[in-house]
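Trainee: fold the stuff below for me.
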Amino acid sequence: MELEMYYKEDTGGWFLIPDWSTFFINLGKELALRNTGNKRWTAALTLPAKEYIASFIGVGILSSVFIKSSADDLLEDHFQNISSLEKYTPVWYRKNKRILKAVFLGVADFQGEQRLLIQTQSTKAGGLTEYISKKNALEIQLNPNEKQRLPNNQKGRPMTVESRLTDAVFGVHSQALLKQPKTRICFVGGKEQLESEITTRMFAIYEDNQMIKGSLNDLLRVRQFQHSVDPYQSQFVSSLARKNETDLNLTSTSIVIYSGSNGFLNWKEDFQYTNSIVVLDRSEPQFEFAVEEINNKYIQSNRTPFLKLDLEAMPGGIELLYWEETR
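Mentor: As a prediction, this is how the structure comes out:
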């Protein structure tokens, strides 16, 4: 079933996204289905312009991931991941629509079940602790701030209002899945362009006789373009950065999307072992150099036979090269 998404024009009217947008959403879905642990793949695209291409591919990737994901399995994985943390690891805890600072103390038996034990108050003030059941484990999230100190009494900060657009696009169980921070996608490109695309323009799904509205970042959850306490699904690296200072937490199933020649040329060695999508704009000064690198990578790769990508006809002016390798 095709995703019928609308975008809002500057004039205030709502219009269906064009066919090329749907193609790239479907491309993201198809590539996500090939995201297995024993193969590494590359998809390289050349086109007249790169605006919104990476963003729509990302929406397709997450759509596919969430459709085939089990909320129960992810909950179990998250519980086990938190359980394995070292004692006194800083975490965030969501409670009563507030986000509290906490530290992880371990796993304890409580009322006949294993629960996560956290502390939300400084020891000097009493050291208030709470036992978190497995069904509520997603309310605990790792806090990368290693120097966090617990307050004596905290009110916490308000939680970001959950977007209804995520349920409309990803399904009714998506809010639970989105609470688990994970780098499913890493975007490499120009900060100003990507941030504008995914945070400024409004998009919507028409459902129950109303427009369910939101931004693309309600779906993509790029860590660098939201509050630090909000769980993320994607990361961003500037194409011009010389060193990445953020722990990207990439896994074997993470997908790197290069939006533009500069990002690919500057960062290809750092992410050479990940599944990657390279979006090349023919109008860019570095386009020819990037194409040469892609061709060399294709020729030198240890390619394996693969089934043809299950895609409808590509829009005009687009070229796609895809190959798989054994890890």
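Trainee: three-state assignment of Phe15?
Mentor: Following DSSP: H, G, I helix; E, B strand; the rest coil, Phe15 is assigned to strand.
Trainee: look up how far Thr46 lies from it.
Mentor: When distance is defined by Cβ to Cβ, to the nearest Å, Phe15 is 27 Å away from Thr46. Yep, even glycine has a C-beta here, placed from its N, CA and C like the rest.
Trainee: neighbour count winner among the two?
Mentor: Neighbours per residue (other Cβ atoms under 10 Å) separate Phe15 from Thr46, with Thr46 holding more: 20 against 10.
Trainee: and for the helix or strand hosting the more buried one, what are the contacting residues?
Mentor: Assigned by DSSP states H and E, Thr46 belongs to strand 39-47. For strand 39-47, the surrounding residues in contact (Cβ atoms under 8 Å, 6 or more residues apart in numbering) are 27, 31, 34, 53, 273-282, 287, 291, 294, 297-298, 301, 304, 306, 317-327.
Trainee: got a list of what the nearest residue to Ala241 once chain neighbours are set aside touches?
Mentor: Closest residue in space to Ala241, ignoring its immediate chain neighbours: Asn266 at 7.8 Å, by Cβ to Cβ, 6 or more residues apart in numbering. Applying Cβ under 8 Å, 6+ apart to Asn266 gives the contacts 239-241.
Trainee: mind listing what Tyr232 touches?
Mentor: Taking Cβ under 8 Å, 6+ apart as the test, what Tyr232 contacts is 181-183, 221-223, 226.
Trainee: again, only this time at 7 Å
Mentor: Tyr232 sits next to 181, 221-223, 226 when contact means Cβ atoms under 7 Å, 6 or more residues apart in numbering.
Trainee: grab the nearest non-local neighbour of it.
Mentor: Nearest to Tyr232 is Arg223, by Cβ to Cβ, 6+ apart, at 3.7 Å.
Trainee: correct me, but the one you found touches Gln233?
Mentor: No. Counting by Cβ atoms under 7 Å, Arg223 stays clear of Gln233, with 8.4 Å between them.
Trainee: how about the strands of the stretch 1-150 of the chain, start to end?
Mentor: 5-8, 14-16, 39-47, 89-95, 98-110, 113-119, 129-132, 140-142 (DSSP state E, counting those that start in this stretch).
Trainee: closest to Lys213 out of those strands?
Mentor: strand 5-8 (7.9 Å; Cβ to Cβ).
Trainee: OK, contacts around the residue of the chain most remote from its centre?
Mentor: Most distant residue from the mean C-alpha position of the chain: Lys124, 38.8 Å away (Cα atoms, centre = their mean). Shown in contact with Lys124 (Cβ under 7 Å, 6+ apart): Asn152.
Trainee: identify, from the contacts of Asn266, the entry nearest to Ile118.
Mentor: Ala241 (34.8 Å).
Trainee: please pull out the lowest mean pLDDT helix or strand from the chain.
Mentor: helix 174-178 (a mean of 70; mean pLDDT, DSSP states H and E).
Trainee: ok, then the element right after it?
Mentor: strand 185-189.
Trainee: where does the stretch 51-200 of the chain dip in pLDDT?
Mentor: 145-146, 172-173, 175-177 (pLDDT under 70).
Trainee: recalculate using a threshold of 80.
Mentor: 67-74, 144-148, 159-162, 171-180 (pLDDT under 80).
Trainee: coming back round to it: just the buried residues of the contacts of strand 39-47.
Mentor: Burial of the contacts of strand 39-47 was assessed by neighbour count (16 or more other Cβ atoms under 10 Å); the buried members are 27, 31, 34, 53, 274-281, 291, 294, 297, 322-324.
Trainee: in strands, which of the residues you listed fall?
Mentor: Residues from the buried ones among the contacts of strand 39-47 lying in strands, with DSSP state E as the criterion: 275-281, 322-324.
Trainee: and those residues, which two are the farthest apart?
Mentor: Asp281 and Glu324 (25.0 Å).
Trainee: correct me, but Ala137 touches Ser83?
Mentor: No. Using Cβ under 7 Å as the test, Ala137 is too far from Ser83 to be in contact (8.7 Å).
Trainee: okay, these two: which has more neighbours?
Mentor: Between Ala137 and Ser83, counting by other Cβ under 10 Å, Ala137 is the more crowded of the two (22 against 15).
Trainee: which one is the more buried one nearest to, not counting chain neighbours?
Mentor: With Cβ to Cβ, 6+ apart, the residue lying closest to Ala137 is Phe79, at 4.2 Å.
Trainee: what's the burial count for the one you found?
Mentor: Neighbours around Phe79, by other Cβ under 10 Å: 22.
Trainee: and the gap between it and Phe225?
Mentor: 28 Å.
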